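S.K.: compute the structure for the input listed below.
(chains A and B, ligands or ions: 2)
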There are 2 protein chains.
Amino acid sequence: MQFHHHGYVSGEPRVLPAAGTGIDRPEELPDEVDVLIVGTGPAGMITAAQLSRYPRVTTRIVERRGGRLEVGQADGIQARSVETFQAFGFANRIVDEAYRITTMSFWKPDPADPKRIVRSSRVPDDPTGISEFPHLIVNQARVQDYFAEYMAHSPSRMKPDFGLEFQSLTITEGDEYPVAVTLRHTTGPRTGEDRVVRAKYVVGCDGARSAVRESIGRRLVGDQALHAWGVMDVLAVTDFPDIRTKCAIQSHDGGNILLIPREGGSLFRMYVDLGEVSEDDRGAVRKTTIDQIIARANAIMRPYTLDVKNVAWHSVYEVGHRLTDKFDDVPVGDTRLPRVFITGDACHTHSAKAGQGMNVSMQDGFNIGWKLGHVLDGRGPASLLATYSAERQLIAKNLIDFDKEWSTLMAARPEDLADPAELEEFYVKTFEFPSGFMTCYQPSVLIAEPDHQHLATGFPIGKRFKSAPVMRVCDANPVHLGHHAQADGRWRIYVFASAAAVAEFADWLGNSPDSPVVAHTPKNLDIDAWFDVKVIYPQPYEEVDLGEVPEIFLPRTGPFSLIDYEKVYAADPAEDIFAARGISPDGAVVVVRPDQYVANVLPLTATAELAAFFAPIFTAD
Amino acid sequence: MQFHHHGYVSGEPRVLPAAGTGIDRPEELPDEVDVLIVGTGPAGMITAAQLSRYPRVTTRIVERRGGRLEVGQADGIQARSVETFQAFGFANRIVDEAYRITTMSFWKPDPADPKRIVRSSRVPDDPTGISEFPHLIVNQARVQDYFAEYMAHSPSRMKPDFGLEFQSLTITEGDEYPVAVTLRHTTGPRTGEDRVVRAKYVVGCDGARSAVRESIGRRLVGDQALHAWGVMDVLAVTDFPDIRTKCAIQSHDGGNILLIPREGGSLFRMYVDLGEVSEDDRGAVRKTTIDQIIARANAIMRPYTLDVKNVAWHSVYEVGHRLTDKFDDVPVGDTRLPRVFITGDACHTHSAKAGQGMNVSMQDGFNIGWKLGHVLDGRGPASLLATYSAERQLIAKNLIDFDKEWSTLMAARPEDLADPAELEEFYVKTFEFPSGFMTCYQPSVLIAEPDHQHLATGFPIGKRFKSAPVMRVCDANPVHLGHHAQADGRWRIYVFASAAAVAEFADWLGNSPDSPVVAHTPKNLDIDAWFDVKVIYPQPYEEVDLGEVPEIFLPRTGPFSLIDYEKVYAADPAEDIFAARGISPDGAVVVVRPDQYVANVLPLTATAELAAFFAPIFTAD
Ligand SMILES: Cc1cc2nc3c(=O)[nH]c(=O)nc-3n(C[C@H](O)[C@H](O)[C@H](O)COP(=O)(O)OP(=O)(O)OC[C@H]3O[C@@H](n4cnc5c(N)ncnc54)[C@H](O)[C@@H]3O)c2cc1C
Ligand SMILES: Cc1cc2nc3c(=O)[nH]c(=O)nc-3n(C[C@H](O)[C@H](O)[C@H](O)COP(=O)(O)OP(=O)(O)OC[C@H]3O[C@@H](n4cnc5c(N)ncnc54)[C@H](O)[C@@H]3O)c2cc1C
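M.R.: Ligands and ions are numbered 1, 2, ... in the order given. Below you'll find the model as predicted:
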């Protein structure tokens, strides 16, 4: 964590100095804003948290509820989300309070006595070591709380505007604030009153029944019937030995339960399968009572019993695999630029079993967040915004395909499976998918063709930058290279090379008028304001002479022009990043987007190519 | 972290429900209190934080300053202190924001050109892996902030009473509140007014010029002359390559600097040696200006230069090795029970170089804190309080002896050392001392004779319980056994044994009227309220059948009588705790005090001995 750099910070260093719109930020929602976010679920909160780091942009986030979410909804947090939390500074804290999944147990009818369940297998949850972060379970409300804290501590001092419900919008292209949004007060003395707010952009993060989606005429298309689950978060006494382990439980009569232990050591969630619900069910399934859910759970778990003492939350959760064809307001085939975006459940919904909803929604928000910040801060052209729907719609589609396969397997009776181990095998084989790491963005203005991928095979272009341990040279601290990257909207250029190989490239990057860093960073800002440039040497840190390191890696910044020493790394001999990530002995330049996705891999000689890659991204309208 | 156990906790789980004195806690300092703590330095804050977990006890902490400490004073945090922070729930957060020391560099005159300094060696800071926690540097103010947060979130909702200066006290034995303390308002409308508060006990944590110490007639005795250092926390530009590494720098003319990089990546502290200051100096040394300190630093560091851009704090810090003969108000030889205690700098002071002050002061507070809580909560007799001075005075004396040797070495000219490597060797050899792990309490009512030490050689009686990795059985989570222990005032009984070996002992511990747990825990409280009993099995966790674990290790507690699953562990085959801590194949019972010190090691058959150990501790007056 870096601070004190602009002068001594006496209190909590996580509270950044207010800047721009964060200075004297009006309590009341203004009539004109740059970005209006609708909904404070995971998608809306991460979008707002990301935009809170662009204090020159006026962003507000409205929510129909009168205050924070209290209980319920999603709870599965993939490792990819925890990586994301790291960039927002709260990974360690949420890990400390969450339940951590390390194994999953499968319970099935006892072949000797099918009316009883037995444990058929126990599989590791992350057999592949896919991330340095764990797979967690914690209530959605807490995730939202941490994002709220992050925003409040950001330069823009953002806070949700509770008690305002989105009604409708109209777009008048040509106006400075082309989107006119009608909002209705849902709490306080003005309850029921409408008001109009004008925005440059609107992000609909308003969940599966999204009114923003309706207002731009998009429809969720997919499963005809919804799948229903009786969900309960309960405190109970039981003799079931795996009550603190994630379990898939199948009974002889086709009943099945997904058991998710929860944070805090006592609470757990059960999803009791209620099957497919046809359109003409007319809400009948929603009348399933908590007593019925508990009775069904007891029947499935025989010979074990569940004595429920306290119900924290319960619901009948109905969901299908549904998707919109685009995630913005631009009709297919049209080339005008988008003004309204939809994210999360507003544009794709998944079964509860794969635990996707909250996670994929946050990646939507992370994607659109920095792009809006980049454009509205004047760093790049509005045309970049079209990449949001292009990138995320495909991911959602792939995920739904995966999710369908998984849900079908989970719901199958044992006798319907070709091989009784099919379920476990599928789980282990496809682990990268539900843990959030299969995302691979296709080539676009923001993602290069993989022409030089062989120079760094462990950093696949289009996938998230997978961190690895390195030594920080200045203080001999073993650190994770990726953890230095904050969700601060900056692009990152990682230069892997020996001192001899790096000199010429570093000189170009630091001094040439063609260098993207020199060309695009405004003269009145610090040289590291928009690009965060780091070097990683292959030799042990003791052999790196800081006096010889090129200045672009030791920039002088801030009011005192102090040297920033935290951009110079060396391979950790115990766990060599060059070997672990397949980096060529000739070195490699790895370009990473603000949302942590690898955008390009280049040789150190490809200066023109690097300049050409950044030119369209950093040429503002 | 355990919560939700008494019902769903929607918000921050680190905020515990208010209880006892924390319900409607008066803002205004009451006229009568159980414990009055004087001073909000590290010693006072940890004492208060510990007592905040005893909500039936009325504790208040007064401070002369009008608010929190802003800047300056100590910054060295030993691994032992970070272990302690873990018990107070903020280790990870302070680690995240602190500077971490991994190596120390020694700079000396270049033999070829003595007017220039060169790096003579670089030694690892913790060559012995003495703790799973790191050695940190972070400002004292932040340590105090974290304790303040902990208290505020504790059941007693404690907050310091700022703006009140201790003046004097009188003791009238026989009164219910025998200590009458005169306090003076230092801020606000009542500035200058005195008021009297009556207390059962007073803890003087009021620093080196302690008025509490004066009031009980004790004197700091030791060095005639004080050693003076020009200390500065600065932001600077320099070409000195080790500016982000802890360094001892000696110049050819006997000058020397201790360089301590600070949290945040830019700030650093320098202690520039100003030598011994005789009593008749009359404050002359204190007139050393910041410009003089900077000039001296530049002279010592030649050929490197230091261009100071911003001074966050500076001071002339004068300190000697001084100690009081006892840490309470009971005259030597007298057998009456203590009413007033002194802690930290009030009873022992050290040179700045070994970085002891803040750390040893916190261990004082941790020691007296739980003892006062234990006695005032009615768990044990007031006679236990006499162990505070007995235990801590000896530790302070040993530390001062060590510190003198270290400071002498640090201040020596290279040519005066028998061997130029003497300094480095001493540093590495004695590392356990400054890192805070040499403390070994002598046998007393609270520390057993080491009769059965051979059963667990890695848990030396009298030393702090050194944690080790284990598997939690219920959820297959790899955890650190010691990290489950909170600073909640409970005694811990760790039972290491196979399922076969443990049955009889567990039955006795859970059910026999002679068992300390059964005999001493009040019937209206949960069975784990005063004793936290855990079992660690030698076999892999998959082989532990939770259905067979004795109930004392799976207690049913709280309003719903839920099973607590987090007391059952298994050895982690990757790092077997039985091997790592030398535990006998026959098993062992390891008793640990609320302040994390091992109090006893016993065979599973020594039930009478275990009962006899606890009887005097848990027999209230
Ligand atoms: C009742 C419920 C139960 C769920 N249970 C589960 C579960 O058991 N397991 C699981 O994995 N997932 C569950 N989910 C889904 C999961 O919560 C979502 O996948 C995830 O939260 C998606 O995040 P999001 O930000 O897109 O939408 P959401 O988290 O749904 O957030 C949408 C937000 O927008 C607000 N909003 C809606 N309309 C408006 C409007 N017109 N104006 C202003 N604000 C508006 C809502 O109040 C809400 O705060 C559940 C969702 C709901 C609503
Ligand atoms: C100015 C200064 C500079 C220091 N510099 C260094 C350094 O560079 N390096 C280092 O290792 N250590 C330094 N120390 C020492 C280090 O801070 C202590 O060793 C450590 O803080 C001991 O903790 P403590 O709680 O015993 O006392 P302190 O931290 O000194 O706390 C005592 C508290 O009691 C309050 N107090 C004092 N008298 C009264 C009264 N009559 N009534 C009410 N409140 C009172 C004080 O305001 C203070 O908050 C310094 C101390 C001081 C005072």
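S.K.: in chain A, which spans are helices?
M.R.: Using DSSP state H, the helices assigned to chain A run over residues A:42-51, A:79-87, A:91-97, A:140-153, A:211-215, A:290-301, A:357-376, A:386-411, A:422-429, A:499-511, A:516-520, A:577-580, A:607-614.
S.K.: ok, and what's touching the shortest one?
M.R.: Under the contact criterion Cβ atoms under 8 Å, 6 or more residues apart in numbering or on different chains, helix A:577-580 has outside partners A:458, A:468-470, A:481, A:496, A:536, A:538, A:571, A:583, A:585. Glycine gets a C-beta too; all of them are placed from N, C-alpha and C.
S.K.: same question for the last one.
M.R.: With Cβ under 8 Å, 6+ apart as the test, helix A:607-614 has contacts from A:448, A:491, A:505, A:508-509, A:512, A:514-516, A:519-520, A:589, A:591, A:599-600, A:602.
S.K.: measure the residue lying farthest from the centre of chain A to chain B for me?
M.R.: In chain A, residue A:112 marks the outermost C-alpha relative to the chain mean, sitting 45.2 Å out by Cα atoms, centre = their mean. Computed as Cβ to the nearest Cβ, to the nearest Å, the residue A:112 to chain B distance reads 19 Å.
S.K.: per-residue pLDDT, that residue?
M.R.: What the model reports for residue A:112 is a pLDDT of 96.
S.K.: same check, this time on residue A:405
M.R.: Per the predicted model, pLDDT is 80 at residue A:405.
S.K.: look up the closest residue to it, ignoring the ones flanking it.
M.R.: residue A:426 (7.5 Å; Cβ to Cβ, 6 or more residues apart in numbering or on different chains).
S.K.: ok, so of the contacts of helix A:607-614, who is nearest residue B:139?
M.R.: Taking Cβ to Cβ as the measure, residue A:491 is the one of those closest to residue B:139, at 33.2 Å.
S.K.: is chain B within reach of stretch A:523-543?
M.R.: Yes. Against chain B, stretch A:523-543 shows contacts by Cβ under 8 Å from any Cβ of the partner chain at residue A:542.
S.K.: next, the buried residues of that stretch.
M.R.: A:527-538, A:541 (16 or more other Cβ atoms under 10 Å in any protein chain shown).
S.K.: can you pull out the low-pLDDT segments for chain A?
M.R.: Counting by pLDDT under 70, chain A contains low-confidence residues at A:127-128, A:410-415, A:417-418, A:420, A:427-429, A:431, A:434.
S.K.: scan the contacts of helix A:577-580 and report the most crowded one.
M.R.: Tallying neighbours with other Cβ atoms under 10 Å in any protein chain shown puts residue A:496 at the head of the contacts of helix A:577-580, with 29 neighbours.
S.K.: how close does that one get to residue A:4?
M.R.: 29 Å (Cβ to Cβ, to the nearest Å).
S.K.: just the buried residues of stretch A:523-543: which are in strands?
M.R.: A:531-537 (DSSP state E).
S.K.: any chance of those in TSV, plus distance to residue A:344?
M.R.: Output for these, formatted as TSV (distance: Cβ to Cβ, whole Å):
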residue	distance to residue A:344
A:531	30
A:532	28
A:533	33
A:534	32
A:535	38
A:536	35
A:537	41
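S.K.: within reach of ligand 1, which of these are there?
M.R.: Residues of those in contact with ligand 1 (Cβ under 6 Å from any ligand atom): none.
S.K.: related to what we said a few turns ago, which of the helices of chain A sits closest to residue B:92?
M.R.: helix A:91-97 (4.9 Å).
S.K.: neighbours of residue A:70, how many?
M.R.: 13.
S.K.: and residue A:566, what does it touch?
M.R.: Taking Cβ under 8 Å, 6+ apart as the test, what residue A:566 contacts is A:2, A:472, A:474, A:484, B:265.
S.K.: how far away is it from ligand 2?
M.R.: 25 Å (Cβ to the nearest ligand atom, to the nearest Å).
S.K.: got it, and residue A:31?
M.R.: Distance check for residue A:31 against ligand 2: by Cβ to the nearest ligand atom, it reads 49 Å.
S.K.: just to revisit the earlier point, so which of the contacts of helix A:607-614 reach chain B?
M.R.: The overlap between those and the neighbours of chain B (Cβ under 8 Å from any Cβ) is empty.
S.K.: what sits closest to residue A:605 if chain neighbours are left out?
M.R.: Looking at residue A:605 with Cβ to Cβ, 6+ apart, the closest residue is residue A:505, at 7.6 Å.
S.K.: give the contact list for the closest residue to ligand 2 within the stretch 101-250 of chain A.
M.R.: For the stretch 101-250 of chain A, the residue closest to ligand 2 is residue A:153, as judged by Cβ to the nearest ligand atom, at 27.2 Å. Residues in contact with residue A:153 (Cβ under 8 Å, 6+ apart) are A:12, A:14-16.
S.K.: number of residues surrounding residue A:332?
M.R.: 7.
S.K.: my guess is it contacts residue A:390. True?
M.R.: No. The pair residue A:332 / residue A:390 is not scored as a contact, 11.4 Å apart, by Cβ atoms under 8 Å.
S.K.: next, count neighbours for residue A:179.
M.R.: By other Cβ under 10 Å, neighbour count at residue A:179 equals 23.
S.K.: got the contact list for it?
M.R.: A:36, A:169-171, A:198-202, A:339-340.
S.K.: swap the cut-off to 10 Å and go again
M.R.: A:33, A:35-36, A:169-173, A:197-202, A:215, A:329, A:339-340 (Cβ atoms under 10 Å, 6 or more residues apart in numbering or on different chains).
S.K.: residue in the stretch 251-400 of chain A nearest to ligand 2?
M.R.: residue A:264 (34.2 Å).
S.K.: so which bits of chain A are right by ligand 1?
M.R.: Proximity of chain A to ligand 1 is confined to A:38-44, A:62-65, A:72-74, A:76, A:140, A:165-166, A:205-207, A:211, A:231, A:315, A:317, A:344-346, A:352, A:355, A:357-358, A:361 under the rule Cβ under 6 Å from any ligand atom.
S.K.: if we go to 5 Å?
M.R.: Selection of chain A residues close to ligand 1 by Cβ under 5 Å from any ligand atom yields A:39-43, A:63-65, A:73-74, A:165-166, A:205-207, A:211, A:231, A:317, A:344-345, A:352, A:357-358, A:361.
S.K.: show me the strands in the stretch 201-350 of chain A, by range?
M.R.: A:221-222, A:226-238, A:246-250, A:256-261, A:268-277, A:306-319, A:322-323, A:340-342, A:348-349 (DSSP state E, counting those that start in this stretch).
S.K.: what angle separates the fifth one from strand A:256-261?
M.R.: Orientation note: strand A:268-277 sits at an angle of 150 degrees relative to strand A:256-261 (axes from the mean of the first three to the mean of the last three Cα atoms, to 10 degrees).
S.K.: any idea how far strand A:268-277 is from the middle of the chain?
M.R.: Mean-position distance between strand A:268-277 and its chain equals 26 Å (Cα atoms, centre = their mean, to the nearest Å).
S.K.: do the same with the first one
M.R.: With Cα atoms, centre = their mean as the basis, strand A:221-222 stands 24 Å off its chain's centre.
S.K.: packing partners for it?
M.R.: Under the contact definition 3 or more Cβ pairs under 10 Å, 6 or more residues apart in numbering or on different chains; DSSP states H and E, strand A:221-222 sits against strand A:322-323.
S.K.: ok, and what's touching the strand it packs on?
M.R.: Residues contacting strand A:322-323 (Cβ under 10 Å, 6+ apart): A:208, A:219-223, A:226, A:345, A:347-350, A:393, A:396-397, A:399-400.
S.K.: among those residues, filter down to the buried ones and hand me the ChimeraX syntax, if you would.
M.R.: This is the ChimeraX syntax for the buried subset of those, where burial follows 16+ other Cβ under 10 Å:
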select /A:208,220,223,226,345,347,348,349,350,393,396,399,400
